[in-house]
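In: Could you work out the structure for the sequence below:
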Amino acid sequence: MILVLGGGPAGRMAAIRAAEAGEEVTLVEKRSLGGQCLHDGCMLVCGLNDCARMIQAASLCHRCGISHGIPEVRFPELIAGLITIQQKIAGFLEEETLNSGVKVIYGAEGMIINGKAIINGEMLNADRIIIATGSQPHIPDIPGITLPGIYTPHTLKEMEQLPDRIGIIGGGVMAAEFAYIFSSFGSDTHIISRSEFLHQIPPRLKAAARKELRNVTIHEHTSVSMCIGEEKVTRIQADGLTLDLDCILIATGLVPNSGMVDGINKGKNGEILVNSRFETSKPGIFACGDVIGEPRLTPVARHQGFAAADAAMDKNTHISLAYLPRVMSLGYEYAWMDGSDEEGVSYTLPGPAGPGTFWSVTERNTGISSLKVNPADGRIIDFAEASPNAGVMAMYLAFMAMRGISIHDIAGICEVHPTSDGMYPAIRYASAHLKKN
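Out: Got it, this is the predicted structure:
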């Protein structure tokens, strides 16, 4: 029997893969299937962001003088509706998982002690074990950080009312996405970043993102020294700055959820160490997904789940993260690939007017498309795009880069029209320029 701990993207895919191959599989999940992605991460942001975008679209039409008024969010109703939809999605995932032949144990605490599985205090015999217990919010060591009124993405749905004034601790993608959401809802939003804001993403995208976050006050290179309050948090102190706040959201990244695992080698941040087959220091025990560390992305977790299940069945599946597309969701999608240090020629064009960008022409904010290619053969080295649907284009561009496909090979494609995606014109222009020179 194969035992899988965790029903998020990595664990669920591992369980389904093994069950469909004829293995007896038991999956242990503390709450409902879907993991952090469904309940506290991707889908949480999607649900809130959809509403934020609708409000921003109405605001743009109002500024253009073509409509009157801007809708206000009904926050308790928004959270209730969000939870209802998440529960429906969890039901779909459960049906798919059970139909594949996986046995699911809900509400159970799973532990691994010296290579043995302990479920709700009792030992469970398993031939092989796959650990996919995910990650949890990183809580910085700040005095007062446990005061009521301080939330993480895992506890955000406990927020009863929309805050008038919110502080977001963090300076990465997570902080930017929540800042866009709360500022769109009308909250006076402050980001407190101990380093440069959004230093992880390409500079052109960062500049474009700041336009969308123009109503957010960003405090860069600022470290929070104390959270202050009695019954609840009321303000913070940060490098001589004092901010009065209604609440605080911690968006300082994630750490592996590996505290229930003992007797297996881990890294300095608690990540479970695995080899190329996702096998741990204990033979027959595998790990995948967020619990083994970066990059902590749902598509990566799924692929790792498949690979870990294959390894547990004595098969080999290679996983390469050399060409990995990433995306950040504000009003536009901000997509990029972590390229190599290879030298190349860069091309950047503004996004065209199209679905989702037409009225943004008035504010000169239709997005951008940036591409770096090898001048000799036209191979894609890296890219960055801000547009309503940049994430879809990024998926295909990353695949092309991985396969070494030249932009000359696709420059003659007939694109759809109208479109708000400017990457194809950038590809066509780059191809023509390289051939000419």
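
In: for the protein, which spans come out with low pLDDT?
Out: For the chain, no stretch is flagged by pLDDT under 70.

In: What residue spans form the domains of it?
Out: Domain assignment for the chain by automatic domain parsing gives 2-137+255-312, 150-252, 325-436.

In: Please enumerate the helices of the chain.
Out: Assigned by DSSP state H, the helices in the chain fall at 9-20, 35-39, 42-63, 75-99, 173-185, 203-212, 298-312, 390-403, 407-410, 423-436.

In: can you give me how far the first one is from the chain middle?
Out: In terms of C-alpha atoms, centre = their mean, to the nearest Å, the gap separating the centre of helix 9-20 from the centre of its chain is 21 Å.

In: Go through it and flag the buried ones.
Out: Under the neighbour-count criterion of 16 or more other C-beta atoms under 10 Å, helix 9-20 has 9, 10, 11, 12, 13, 14, 15, 16, 17, 18, 19 buried. All C-beta spots, glycine's among them, are computed from the backbone N, C-alpha and C.

In: Out of the helices of the chain, the one nearest residue 243 is which?
Out: helix 173-185 (14.2 Å; C-beta to C-beta).

In: Residues contacting that closest one, please?
Out: 45, 48-49, 51-53, 55-56, 73, 75, 153, 162-163, 166, 168-169, 189, 191, 193, 197-198, 200-201, 209, 212-213, 215-216, 249, 251-253, 328-331 (C-beta atoms under 8 Å, 6 or more residues apart in numbering).

In: burial of the nearest residue to residue 23 once chain neighbours are set aside, as a residue count?
Out: Leaving aside its chain neighbours, residue 23 sits nearest to residue 2 (5.2 Å; criterion: C-beta to C-beta, 6 or more residues apart in numbering). By other C-beta atoms under 10 Å, 25 other residues sit near residue 2.

In: residues contacting residue 2?
Out: 15, 18, 23-26, 126-130, 309, 312.

In: Make a PyMOL selection of the buried ones in those.
Out: Remark: buried members of the contacts of residue 2, expressed as a PyMOL selection using 16+ other C-beta under 10 Å:
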select buried, resi 15+18+23+25+26+126+128+129+130+309+312
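
In: so which of the contacts of residue 2 comes closest to residue 293?
Out: Nearest to residue 293, judged by C-beta to C-beta, of the contacts of residue 2 is residue 130 at 16.2 Å.

In: That closest one bridge partners, please.
Out: Beta-bridge pairing of residue 130, defined through DSSP bridges, involves residue 4, residue 286.

In: right, and residue 79 touches residue 155 too?
Out: No. Counting by C-beta atoms under 8 Å, residue 79 does not reach residue 155; the two are 11.7 Å apart.

In: So between these two, which is more surrounded?
Out: Taking neighbours as other C-beta under 10 Å, residue 79 and residue 155 compare with residue 79 leading, 18 against 13.

In: now, which of the buried residues of helix 9-20 sits nearest residue 370?
Out: For these, the nearest to residue 370 is residue 9 (29.7 Å; C-beta to C-beta).

In: what about the strands in the stretch 201-350 of the chain?
Out: Ranges of strands in the stretch 201-350 of the chain, per DSSP state E, counting those that start in this stretch, are 216-219, 224-229, 233-238, 241-244, 247-250, 254-256, 261-262, 285-287, 325-329, 333-337, 345-350.

In: which of those strands sits most buried?
Out: Highest mean neighbour count of the strands of the stretch 201-350 of the chain: strand 285-287, a mean of 29 (counted as mean count of other C-beta atoms under 10 Å).

In: Can you list the neighbours in contact with that strand?
Out: Strand 285-287 has contacts (C-beta under 8 Å, 6+ apart) with 112, 115, 128-132, 264, 272, 274, 277-280, 308, 311-312.

In: Pretty sure residue 191 sits against residue 216.
Out: Yes. Residue 191 is within contact range of residue 216, at 6.0 Å (criterion: C-beta under 8 Å).

In: which residues sit in contact with residue 12?
Out: 27, 33, 34, 35, 93, 97, 305.

In: Adding neighbour count, write these out as TSV.
Out: Formatted as TSV, those follow (neighbours: other C-beta atoms under 10 Å):
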residue	neighbour count
27	28
33	28
34	25
35	29
93	19
97	23
305	29
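
In: Export those residues to CSV and append columns for distance to residue 341.
Out: Listed next are the contacts of residue 12 as CSV, based on distance: C-beta to C-beta, whole Å:
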residue, distance to residue 341
27, 41
33, 41
34, 38
35, 34
93, 40
97, 42
305, 31
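
In: So which of these is the closest to residue 105?
Out: residue 27 (7.1 Å).

In: ok, what's across the strand from that closest one?
Out: Beta-bridge partners of residue 27, as defined by DSSP bridges: residue 4, residue 104.

In: isn't it right next to residue 105, touching?
Out: Yes. Using C-beta under 8 Å, residue 27 makes contact with residue 105 at a distance of 7.1 Å.

In: Could you check how far the closest residue to residue 81 other than its chain neighbours is from residue 295?
Out: In this structure, residue 81 finds its nearest non-sequential neighbour in residue 47, 7.9 Å apart by C-beta to C-beta, 6+ apart. Residue 47 sits 23 Å away from residue 295, going by C-beta to C-beta, to the nearest Å.

In: cool, residue 258 as well?
Out: In terms of C-beta to C-beta, residue 258 sits 17 Å off from residue 295.

In: between those two, which one's more packed in?
Out: Between residue 258 and residue 295, counted using other C-beta under 10 Å, the more crowded position is residue 258 (25 against 12).

In: From the structure, what's the count of residues near the nearest residue to the more buried one once chain neighbours are set aside?
Out: Using C-beta to C-beta, 6+ apart and skipping residues adjacent in sequence, the residue nearest residue 258 is residue 270, 4.9 Å away. By other C-beta under 10 Å, the residues close to residue 270 number 16.

In: residues in contact with residue 430?
Out: Counting by C-beta under 8 Å, 6+ apart, residue 430 has contacts 345, 347, 371, 373, 378, 407.
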